[in-house]
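Q: Here's a sequence, model it:
(2 chains)
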Amino acid sequence: MTEVGVWAGFCAVVRRDLMLAFRRPQELANPLVFFVMAVSLFPLGVSPEKSFLAPAAAGVVWVASLLATLLSLDALFRADHEDGSLEQLTLAPQPLFILVLAKVFAHWLTTGLPLLLLSPVLALMLHVDEGLLGVLMLSLLVGAPVLSLIGAIGAALTVGLRVGGVLISLLVLPLYIPVLIFGTGMVQSAAAGMDYTSTLAMLGAILALSLTLAPFAAAAALKISVSN
Amino acid sequence: MWEAFKQWFHRWGSPKWFYERSLVWSFWLGWGALILLPVGIVWGLAFAPQDYQQGNSFRIIYLHVPAAILAQSCYMIMAVAGFVSLVWRMKMADVVLKCAAPIGASFCFLALFTGAVWGKPTWGTWWEWDARLTAMLILLFLYFGIIALEAAIEDKITAGRAAAVLSLVGVVNIPIIKYSVEWWRTLHQPATFKLTEKPDMPVEMWAPLLVMVIGVYCFFGYSLFLRSRNEIIERERRTLWVRELLAKEGKV
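A: Residues are numbered from 1 along each chain as shown, chains lettered A, B, ... in the order given. Just a heads-up that it's a prediction; the model follows:
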């Protein structure tokens, strides 16, 4: 048997997770459909007027993508836990946090990125000014990976449990609030014609922090869940 | 010196040692709370001078500030316990983490509630989405998350470690609460008092507050020890020393 390097291990996990995701395209589409439906509830539930929708749109898109991500998180480790491959991952020669990072990256590719690409369409339906679409997408580009990273901690903590789904929301949502505040704050300051680079920098700082710390926390949580 | 410290530290890992000693500690802390809290509350509510701006409504700080301080310290204690539990696998750290969570959640709720009661006459609103208030609300949610996670996992050791990880992750919120009034210029006023600076209130006003803060800490210690003793007996019920103890008290 030949030694497999850290980078090769990372790529192997990403490739495997992407392949598994594309073998079941229906599951891939579910969060996106949920995203579209959740967003369309606001005009129907609150008001279809442009005067309400345009200023609220960034928040609506952000909240909906946050909930859609939350919905997809339970699947992040569960199938692997059930068929035993999660135990194999913890035993792999590569450090576990690298493999967790790979799984999170694959999760972002299959959930965060499609949400990001879909967001301008929905934003237009919410009467967002066309000039702001780029800012909204930029905020999601920097912010959405944080959602996957922090969510991985919650998914890892609850992977062995039957009640996983609801519990993840309870654990992860409070930690999502700062990202939500800065993500929507960025679009709002752009809408007000202000400089949004400081908010973007804050969002980038949160991304850097969670990129460096969350994989360790999730790996520790996985080891605890698997050892049970 | 170092050896003595190590011995002292390791003793904390023994539930039996903790159980035997904590009776005395909880006794003194309980008396401390029983004396300090009524003294502080009566002094603060009835005898402290009125505020020149807010009149009598400022008096809620005698409940609000101690509760808010305690809610944050309690989380810090849980995070430290979580660290100890993950690094040294100490059983007692799990017990403390689990027992502190509901106490912290209660004080966090009390701080939010008293803040709302004070906010209505002063700011004209029960709730404002201000940075300090939102961060405290997140703290309450974090407490709920830890309690729920602890309750969902049946195996006590796994539950303890999972809660330890979560409490360490959530600790990023504490500096946000602490500095929220300085980073964002919002409605909530800056810290009422600090350990490092001379308070800008007259002594008749902050002395009862200090009494209340110490009293609340005493109460926290008292209830934490009481809860921990309970938890120890439950966790260690199969060990010899607990069975002997129960037999001696005629409870089996």
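Q: Please make it C-alpha for all contacts and neighbour counts, starting now.
A: OK.
Q: Which strand or helix spans the residue nearest to A:Ser169 when sequence neighbours are not counted?
A: In this structure, A:Ser169 finds its nearest non-sequential neighbour in A:Leu70, 6.6 Å apart by C-alpha to C-alpha, 6 or more residues apart in numbering or on different chains. Under the criterion of DSSP states H and E, A:Leu70 resides in helix A:50-73.
Q: host element of the closest residue in space to A:Val159 that isn't next to it in sequence?
A: The shortest distance from A:Val159 to any non-neighbouring residue, by C-alpha to C-alpha, 6+ apart, is to A:Arg78 (5.7 Å). Per DSSP H and E: A:Arg78 is located in helix A:75-82.
Q: Tell me the pLDDT of the residue nearest to A:Val159.
A: Among the per-residue scores, A:Arg78 shows a pLDDT of 88.
Q: could you pull out the helices for the chain?
A: Picking chain A for this. Remark: helices assigned in chain A by DSSP state H are A:6-23, A:25-45, A:50-73, A:75-82, A:85-91, A:96-107, A:113-125, A:133-157, A:164-191, A:197-227.
Q: Hmm, no, I was thinking of chain B.
A: B:2-11, B:15-42, B:61-88, B:91-123, B:131-152, B:156-170, B:173-183, B:203-235, B:240-248.
Q: deepest of these, which one?
A: helix B:156-170 (a mean of 23; mean count of other C-alpha atoms under 10 Å in any protein chain shown).
Q: I'd like to know which elements that one is packed against.
A: helix A:197-227, helix B:61-88, helix B:91-123, helix B:131-152 (3 or more C-alpha pairs under 8 Å, 6 or more residues apart in numbering or on different chains; DSSP states H and E).
Q: So what touches it?
A: For helix B:156-170, the surrounding residues in contact (C-alpha atoms under 8 Å, 6 or more residues apart in numbering or on different chains) are A:157, A:171, A:175, A:217, A:220-221, A:224-225, A:228, B:75, B:78-79, B:81-83, B:85-86, B:94-95, B:97-98, B:142, B:146, B:149-153.
Q: any idea of the mean pLDDT in it?
A: 91.
Q: Render the CA-only coordinates of that helix in CSV, please.
A: Extracted C-alpha coordinates of helix B:156-170, given in CSV (Å, rounded to 0.1, in the frame of the first residue of the first chain):
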residue,chain,number,x,y,z
LYS,B,156,-23.0,10.8,30.4
ILE,B,157,-19.4,10.8,29.3
THR,B,158,-20.2,11.5,25.6
ALA,B,159,-22.7,14.1,26.7
GLY,B,160,-20.1,15.8,28.8
ARG,B,161,-17.5,16.0,26.1
ALA,B,162,-20.0,17.1,23.4
ALA,B,163,-21.2,19.9,25.7
ALA,B,164,-17.6,20.8,26.4
VAL,B,165,-16.9,21.3,22.7
LEU,B,166,-20.0,23.4,22.3
SER,B,167,-19.3,25.6,25.3
LEU,B,168,-15.8,26.2,23.9
VAL,B,169,-17.1,27.1,20.5
GLY,B,170,-19.7,29.5,22.0
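Q: okay, the angle between it and helix B:91-123?
A: Here helix B:156-170 runs at an angle of 40 degrees relative to helix B:91-123 (axes from the mean of the first three to the mean of the last three C-alpha atoms, to 10 degrees).
Q: what inclination does helix B:156-170 have with respect to helix A:133-157?
A: Using the same axes, to 10 degrees: helix B:156-170 against helix A:133-157 is 160 degrees.
Q: Enumerate every residue touching A:Leu140.
A: Applying C-alpha under 8 Å, 6+ apart, the residues near A:Leu140 are A:62, A:116, A:183.
Q: likewise A:Ser72?
A: A:Ser72 makes contact with A:31, A:111, according to C-alpha under 8 Å, 6+ apart.
Q: ok, it to chain B distance?
A: 19 Å (C-alpha to the nearest C-alpha, to the nearest Å).
Q: residues in chain A within reach of chain B, list them.
A: By the rule C-alpha under 8 Å from any C-alpha of the partner chain, the part of chain A lying against chain B is A:157-158, A:161, A:163, A:167, A:170-171, A:174-175, A:177, A:217, A:220-221, A:224-225, A:228.
Q: repeat that with 6 Å
A: Chain A comes close to chain B at residues A:170-171, A:174, as judged by C-alpha under 6 Å from any C-alpha of the partner chain.
Q: hmm, which of the contacts of A:Leu140 are the buried ones?
A: A:62, A:116, A:183 (16 or more other C-alpha atoms under 10 Å in any protein chain shown).
Q: Leaving aside the residues adjacent along the chain, what's closest to the last one?
A: The spatially closest residue to A:Gly183, leaving aside those adjacent along the chain, is A:Ser139, at 5.3 Å (C-alpha to C-alpha, 6+ apart).
Q: for the chain, what are the low-confidence residue spans?
A: Went with chain A since none was named. A:1-3, A:228 (pLDDT under 70).
Q: my bad, the chain I had in mind was chain B
A: In chain B (pLDDT under 70), the answer is B:182-187, B:190-200, B:251-252.
Q: Nearest to chain A within it, name that residue for me.
A: Here chain B gets closest to chain A at one residue, B:Gly145, 4.8 Å apart by C-alpha to the nearest C-alpha.
Q: who's in contact with that residue?
A: A:170-171 (C-alpha atoms under 6 Å, 6 or more residues apart in numbering or on different chains).
Q: now with 10 Å?
A: Listed by C-alpha atoms under 10 Å, 6 or more residues apart in numbering or on different chains, the contact set of B:Gly145 reads A:167-174, B:101, B:139, B:151, B:163, B:166-167, B:170.
Q: repeat for A:Gly165
A: So A:Gly165 contacts A:70-75, A:154-155, A:158-159 (C-alpha under 10 Å, 6+ apart).
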